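# Predicted structure and sequence below. I'll ask about it afterward.
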Amino acid sequence: CDSCFGPTNHVEHVRHVKRMQPGAPNATYGPTRALEWGQLNFLHTTDTHGWLEGHLKEENYGADWGDFVSFSNQLKRHAAKLGSDLLVVDTGDLHDGAGLSDATTVDGEISLKIFDKINYDLLTIGNHELYLAEVANQTAKEIAAYWGDKYLTSNVQILDSDTNGWEYIGNTHKYLTTEQGLRIMAFGVLFDFTGNANTTKVIPAATMITENWFVDAVNYAEPIDLFLILGHNPARPDADGSTFGLLHDTIRKVHPRTPIQFFGGHSHIRDFAVLDSSSTSLESGRYCETLGWLSMSGFDKDNSGLGNTTLPHGVPHPTRKATSNSTSPFKYARRYLDWNRKTFEFHSQPISSTFDSPSGLSTSSEITTYREQLHLGELYGCVPQDYCMTCAPFTSSNNIFPMLSQALAETVVNENRTDTPRYIISNTGGIRFDMHKGPFTYDDNFIVSPFRDAFLYVPDVPCGLASTVLNGLNNAGASQKRGLGVVPVERDICVDPLTTGFMGLEVRDEDGHVHAHSEVTRRQVVDLTPGYTTTDDFGTDGDDTAHSEIPYYEIPDFFQGEGGFGEDGCTDVVDLVFVDFIESDVLAILGSGYSDSDVDYYVSANFTTQDYLAEFVKASDLFQAGLPNCTIA
Ligand SMILES: Nc1nc2c(ncn2[C@@H]2O[C@H](COP(=O)(O)O)[C@@H](O)[C@H]2O)c(=O)[nH]1
Ligand SMILES: [Zn+2]
Ligand SMILES: [Zn+2]
């Protein structure tokens, strides 16, 4: 991954975001197909998790939030010129994933000021806005207050400390008329999340659909041309934990033909599902790696309030019926855009020759300033190789978890109990990203391990019981209790494309370079770099830029470090150490002989999952080698 990072050997470094000029020769190639524009179009972000600086070590996702400001505003202007509607929507999880959102006392204090620069039309809440009471309070007092009736939380309430009553954090729904005259009824529905702070309430969808306000909205007296359902909810209705299927069926009972458009999130994947001939659902990845595009046409004077029903001129149009035997007038197109400037510039070129807008440039400049204020570029150590979460087998030396297990064993130590061996257990969902070869900074610490879990323990647990806990947790699917866990995603980490196969027809030239084109739409035949290779209900042409596939291996829900053991292994008792996020899961496995009165802080309340990785990187010889481009000052 030599391209991962520019040289840095001082404590503070400026962001090395590579600016890819249009047409300049680049290691990465870009899109080749113009976007299809319909009468109604959407840009979709989800699970941004604070990645507003973009991916400093991955050129393919190297655009920052300022570039997105420039791009989205350009497309808004283009839509107006085309006489089409363009709605920009977000489906939650705004922090827990990068220093910009997580290095402040309360997550989001700085990053929300950057996030708010996008001219969103509608947004909804994610589970990460609800784990901690102070973040939930910020969501109500700042996010919902800022966005007003655009912030939809149809099934999420917060305890109002003034009235001591339950209030919706945002609006339950919104009836709106678009620029071009479409009448839309919109909702924002979180999956039936149960790990929320006790000052908040998540109303299960099955209850929500019986509430009077919802029944009245579905039976609204004014005409509805489209139901729009945003949700921090897996887009595929039959995906584990999704409530979109219930919502679809409930609306269909009253409106058999009105189009219903879903935008999902939470499971961190690119996906597009067809629910019926007039209803589809898009999910657009995570971490500012993907910008989702959805366009649709089929509105006419009879089924809508559109003033002008002609299709936009001079651009491709959506051509795909949602189902093969569809008698519906609606046609769709979807695209997953790689989050980089070259992609944004390509798709904005017909609009104007200058890509950057003043607000986009000032947003990028603010990000750099905030990063320096937060010292996010402070160098902790040099990562000697790539360590990925799922691109290599769980026990492989290229997988991050064996290294993290060693980090737990070596750094999570109670100095007064060093004579007692210990198992240290954490959930793999608490680790959020790969570690790239090269500089590891304060920012990277948040990127890989953003949570501040304390380490708890039960002392002197008999080996016979303690040694069963990890398997017990992994077999119980316990982490599913807190939502869906991080569902597998293909990752763009620099592996040799020759070791991967590309979905679709693969052609290799005599040098072994992978050339490929998909059966559905022939793309420019180029050397492919590793990235997302998505298959959804419309096939394999959704990825705006074709990539070679990255290997994916299943990982268990939990992993464990083992410290202080002699050659004989576990012989008597051990200290069973675990992150506080999974305390109830561990106690459930230990059984009735144990309760939270047996639990205490192992090191201290202040030594958290933020600290062990930082300590390990700073101290271990593994990370202090003076690697090229990463010399410790
Ligand atoms: N160790 C911790 N893991 C956490 C915490 N909060 C969330 N999580 C993990 O994240 C997923 C949900 O992430 P999402 O982006 O898919 O919504 C959850 O299942 C846990 O595995 C935490 O505080 N500590
Ligand atoms: Zn998420
Ligand atoms: Zn989520």
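Structure's in. What do you need? Ligands and ions are numbered 1, 2, ... in the order given.
# residues from the protein in reach of ligand 3?
Within the chain, the positions near ligand 3 by Cβ under 5 Å from the ion are 93, 126-127, 266. For glycine as for every other residue, the C-beta is placed from the backbone atoms N, C-alpha and C.
# can you do 6 Å?
With Cβ under 6 Å from the ion as the criterion, the chain meets ligand 3 at residues 93, 126-128, 232, 266.
# May I see these organised as JSON lines, with secondary structure, pLDDT and neighbour count added?
Shown next, in JSON lines, are the residues of the chain next to ligand 3 (DSSP: H, G, I helix; E, B strand; the rest coil; pLDDT from 0 to 100; neighbours: other Cβ atoms under 10 Å):
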{"residue": "Asp93", "secondary structure": "coil", "pLDDT": "98", "neighbour count": "23"}
{"residue": "Gly126", "secondary structure": "coil", "pLDDT": "98", "neighbour count": "29"}
{"residue": "Asn127", "secondary structure": "helix", "pLDDT": "98", "neighbour count": "23"}
{"residue": "His128", "secondary structure": "helix", "pLDDT": "98", "neighbour count": "26"}
{"residue": "His232", "secondary structure": "coil", "pLDDT": "98", "neighbour count": "30"}
{"residue": "His266", "secondary structure": "coil", "pLDDT": "98", "neighbour count": "30"}
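# check contacts around Tyr146.
112, 116 (Cβ atoms under 8 Å, 6 or more residues apart in numbering).
# if you set the cut-off to 6 Å instead, what comes out?
Neighbouring residues of Tyr146 by Cβ atoms under 6 Å, 6 or more residues apart in numbering: Asp116.
# filter the residues of the chain next to ligand 3 by proximity to ligand 1?
93, 127-128, 266 (Cβ under 6 Å from any ligand atom).
# and ligand 2, which of these contact it?
When contact is defined as Cβ under 6 Å from the ion, those meet ligand 2 at 93, 266.
# quick one: the strands in the stretch 151-300 of the chain?
151-152, 156-160, 165-168, 173-177, 183-188, 200-202, 226-230, 260-264, 270-276, 279-284, 290-297 (DSSP state E, counting those that start in this stretch).
# In TSV, list these along with distance to Glu615 and mean neighbour count.
As requested, the strands of the stretch 151-300 of the chain are arranged in TSV below (distance: least, Cβ to Cβ, whole Å; neighbours: other Cβ atoms under 10 Å):
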stretch	distance to Glu615	mean neighbour count
strand 151-152	39	27
strand 156-160	36	21
strand 165-168	42	14
strand 173-177	47	17
strand 183-188	40	24
strand 200-202	33	21
strand 226-230	40	25
strand 260-264	38	27
strand 270-276	36	23
strand 279-284	36	29
strand 290-297	33	25
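# For Trp65, which of those is the nearest?
Proximity to Trp65 (Cβ to Cβ) singles out strand 290-297 among those, at 11.5 Å.
# Just the CA atoms of that closest one, as CSV, please.
What follows is strand 290-297, C-alpha atoms only, in CSV (Å, rounded to 0.1, in the frame of the first residue of the first chain):
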residue,chain,number,x,y,z
THR,A,290,-20.1,5.3,-1.2
LEU,A,291,-22.5,7.9,-2.4
GLY,A,292,-25.8,6.3,-3.5
TRP,A,293,-27.8,7.5,-6.6
LEU,A,294,-31.4,6.5,-7.3
SER,A,295,-33.5,7.8,-10.1
MET,A,296,-37.0,7.1,-11.2
SER,A,297,-39.6,8.1,-13.8
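# could we number from 4 for the rest of this?
In the new count, where the first residue is 4, that last one comes out as strand 293-300.
# which other helices and strands contact it?
strand 43-48, strand 282-287, strand 334-341 (3 or more Cβ pairs under 6 Å, 6 or more residues apart in numbering; DSSP states H and E).
# Can you tell me which of these is packed in deepest?
Sort the helices and strands packed on strand 293-300 by mean neighbour count, taking mean count of other Cβ atoms under 10 Å, and strand 282-287 sits at the top with a mean of 29.
# Can that strand be said to contact ligand 1?
No: judged by Cβ under 6 Å from any ligand atom, strand 282-287 stays clear of ligand 1, getting no closer than 11.9 Å.
# In CSV, please show the C-alpha coordinates belonging to that strand.
Taking Å, rounded to 0.1, in the frame of the first residue of the first chain, the C-alpha atoms of strand 282-287 are listed here in CSV:
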residue,chain,number,x,y,z
SER,A,282,-41.3,-0.1,-4.8
THR,A,283,-37.5,-0.4,-4.4
SER,A,284,-35.0,0.1,-1.7
LEU,A,285,-31.4,1.4,-1.8
GLU,A,286,-28.6,1.1,0.8
SER,A,287,-25.4,3.0,0.2
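# touching ligand 2 at all, it?
No: Strand 282-287 does not reach ligand 2 (Cβ under 6 Å from the ion); its nearest approach is 11.1 Å.
# related to what we said a few turns ago, looking at the helices and strands packed on strand 293-300, which is closest to Thr261?
That would be strand 282-287 among the helices and strands packed on strand 293-300, by Cβ to Cβ, at 9.0 Å.
# Which residues does stretch 166-175 contact?
For stretch 166-175, the surrounding residues in contact (Cβ under 6 Å, 6+ apart) are 142-143, 147, 152, 154-157, 159-161, 163, 204, 216.
# Could you export those residues as TSV, including distance to ligand 2?
Below are the contacts of stretch 166-175 laid out as TSV (distance: Cβ to the ion, whole Å):
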residue	distance to ligand 2
Thr142	15
Ala143	20
Ala147	19
Asp152	24
Tyr154	18
Leu155	18
Thr156	16
Ser157	19
Val159	16
Gln160	21
Ile161	20
Asp163	27
Lys204	21
Trp216	28
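# Below-threshold pLDDT in the stretch 404-553 of the chain: ranges please.
480-529 (pLDDT under 70).
# repeat that for 50
Applying pLDDT under 50 to the stretch 404-553 of the chain flags the ranges 481-513, 517-527.
# Tell me the pLDDT of Cys633.
Here the pLDDT value assigned to Cys633 is 80.
# For it, name its beta-bridge partners.
Leu630 (DSSP bridges).
# in the stretch 4-153 of the chain, which spans are strands?
Under DSSP E, counting those that start in this stretch, the stretch 4-153 of the chain gives strands at 43-48, 88-93, 125-127.
# Could you list the paired strands of the last one along with their orientation?
This points to strand 125-127. Taking DSSP bridges as the criterion, strand 125-127 sits next to strand 88-93 (parallel), strand 154-155 (parallel) in its sheet.
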